[in-house]
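J.: coords please:
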Amino acid sequence: MSVDVLMPKLGESITEGTILEWKKNVGDMVEKDETLLEISTDKVDSEIPSPDSGKVTEILFSVNDVVPVGEVIARIGSNNDEVVEKKSNNLIEDKDKNLDEDVIINKTSKKQDMPILESATALEDKFDKNRKFYSPLVKSIANKENISLEELNKIAGTGLNNRVSKKDVLKYVEVRNNSNIDNSESLPLFSDNDLEKSSLSNDVEPMGHVRLMIADHMKKSRDTSVHVYSTSEVDITDIVNFRNANKKYYHEKYQTNLTYTPFFINAVIKSIQDFPLINARVQDKNIVNNLNINIGMAVALPDDNLIVPVIKKSEELNFLGIARSCSDLAQRARKNKLQPDEVKDSTFTVTNPGIFGSLFGMGIINQPNSALLSIGSIHKRPVVKETDYGDVVVIRSMIYLTLAYDHRIIDGAYGTRFLSHLKKELENFKENSLR
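T.: Below you'll find the model as predicted:
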């Protein structure tokens, strides 16, 4: 008797997953809990274990296919079960194999001139007649976006066997909506012409799955938010002294690595409570005021990628709780152990390029947030201080903080006042001020 392998639900909001790699082929033996495949949801890649021991008798989806949660993706049978042969028996492919292919998209005419997809059923019949395979998700998107069959057939796929994927259709929609050119010619999205004309030596490699998602997310953010930046210099000498005196204590008593990040997040939470618009987001023509403060913290990964785990309802945590969350999320992020729900629903993001030596940073807002705080490196500098006896020059630990904010809802005065409030919170740090 065979056992169905289902596309798992890895989080409350997860409705589908993308197959990145099959670790086993049809006919291979697999042990229970041995990794059978790797899937992706949003920014998190997850290894999926086999639900039973036996022979892989059937694989129903290919690499790069987007599969709804709960769908049967493979079957595990006994040694005596016959395997179900597919057009491609060996499905273990390089997941980035086709990413460097040219994608040629037909330039579009006005919507009223386009053949409209009447229904998913009618579209299904047309696909069968044209003998091209399109997944249900691709057909659904095509129907929703009024993509004609003729247009769809001209989209070059980047999936296995050149199938059109969700990414290909969405890219087409983006180009179509931004293009005012008629359909007399074809518009190449990616071209090697520049490389062919160049005399420079180069080594071309396709972007990985995570890097592609980061690139897409960053571009959409720059196209969505009107970025404005304000920078402030902050004296964090008292914080530096407290951390140096207590990091061993925190490690021994709480098994927590005390970094500088929780100090900044703690101050951000207090400041947001006085400037709630920093925690809001734009939705259509409305301003949505988030009731909870969910802090995203950017974490650099060993493979040079980036991920943003989220401290949910951070306003309910004391300083120790924030420090523990920072340490736990950062460690699990670097080990690829985060769950999909742990990288979503942020309302404000903190990034720290200063740990790599950057004096300050000008980050891109993490959508759908309206602001992002970038923390620079700590440097000891001579600073003029006013005293009752006149001005004196002292050595202090100084840092630059840069706030990126969306000018659609946050004006310069409001953003700068928030940053000034944050500066005051940090410079007036006292041990008894920790929440």
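J.: ranges for the strands of the stretch 151-300 of the chain?
T.: Counting by DSSP state E, counting those that start in this stretch, the stretch 151-300 of the chain has these strands, from start to end: 186-188, 227-235, 281-283, 286-288, 295-297, 299-300.
J.: okay, those, which one's buried deepest?
T.: strand 295-297 (a mean of 26; mean count of other Cβ atoms under 10 Å). To be clear about C-beta, it is placed using only N, CA and C from the backbone, and glycine gets the same treatment.
J.: which strands and helices lie in contact with that one?
T.: helix 261-274, strand 310-311, helix 319-334, strand 348-351 (3 or more Cβ pairs under 8 Å, 6 or more residues apart in numbering; DSSP states H and E).
J.: closest one to Ser78 among those?
T.: Proximity to Ser78 (Cβ to Cβ) singles out helix 319-334 among the helices and strands packed on strand 295-297, at 36.8 Å.
J.: got the contact list for that closest one?
T.: Defining contact as Cβ atoms under 8 Å, 6 or more residues apart in numbering, one finds that helix 319-334 is touched by 250, 254, 256-259, 261-262, 265-266, 269, 297, 299, 301-302, 307, 309-311, 314, 317, 338, 342, 434-435.
J.: for it, which positions count as buried?
T.: Across helix 319-334, burial judged by 16 or more other Cβ atoms under 10 Å covers Phe319, Leu320, Ile322, Ala323, Arg324, Ser325, Cys326, Ser327, Asp328, Leu329, Ala330, Ala333.
J.: repeat that for stretch 305-321.
T.: Leu306, Ile307, Val308, Pro309, Val310, Ile311, Lys312, Ser314, Glu315, Leu317, Phe319, Leu320.
J.: let me see the contact set for the fourth one.
T.: If a contact means Cβ under 8 Å, 6+ apart, then Pro309 has Gly296, Met297, Val299, Leu329, Ala330, Arg332, Ala333, Leu338, Glu342, Val343 as its contacts.
J.: ok, the third one touching Val310?
T.: No: Val299 sits out of contact with Val310 when judged by Cβ atoms under 8 Å, with a separation of 11.0 Å.
J.: Gly363 and Ala404 touch, don't they?
T.: Yes: counting by Cβ under 8 Å, Gly363 touches Ala404, with 5.3 Å between them.
J.: identify the contacts common to the two.
T.: Leu372, Ser374.
J.: and the nearest residue to Asn294 once chain neighbours are set aside, how far is that from Val204?
T.: Of all residues not flanking Asn294 in the chain, Thr347 sits nearest, at 4.6 Å (Cβ to Cβ, 6 or more residues apart in numbering). Noted for Thr347: a distance of 39 Å to Val204, by Cβ to Cβ, to the nearest Å.
J.: the two: which is more packed in?
T.: Thr347 (26 against 7; other Cβ atoms under 10 Å).
J.: pull the contacting residues for Glu385.
T.: In this structure residue 385 is Lys, not Glu. Taking Cβ under 8 Å, 6+ apart, one finds Asp391, Val392, Val393, Val394 in contact with Lys385.
J.: neighbouring strands of the strand or helix carrying it in the sheet, and parallel or not?
T.: Per DSSP states H and E: Lys385 is located in strand 379-387. Take DSSP bridges as the rule and strand 379-387 pairs in its sheet with strand 390-406 (antiparallel).
J.: give the other helices and strands that whichever helix or strand comes after the strand it pairs with contacts.
T.: Next helix or strand after strand 390-406 toward the C-terminus (DSSP H and E): helix 412-427. Judged by 3+ Cβ pairs under 8 Å, 6+ apart, helix 412-427 is in contact with strand 227-235, helix 261-274, strand 371-375, strand 390-406.
J.: at 7 Å instead, please
T.: strand 227-235, helix 261-274, strand 390-406 (3 or more Cβ pairs under 7 Å, 6 or more residues apart in numbering; DSSP states H and E).
J.: hey, which of the ones you listed is tucked in deepest?
T.: helix 261-274 (a mean of 22).
J.: which strands or helices does that helix pack on?
T.: By 3+ Cβ pairs under 7 Å, 6+ apart, helix 261-274 packs against strand 295-297, helix 319-334, strand 348-351, helix 412-427.
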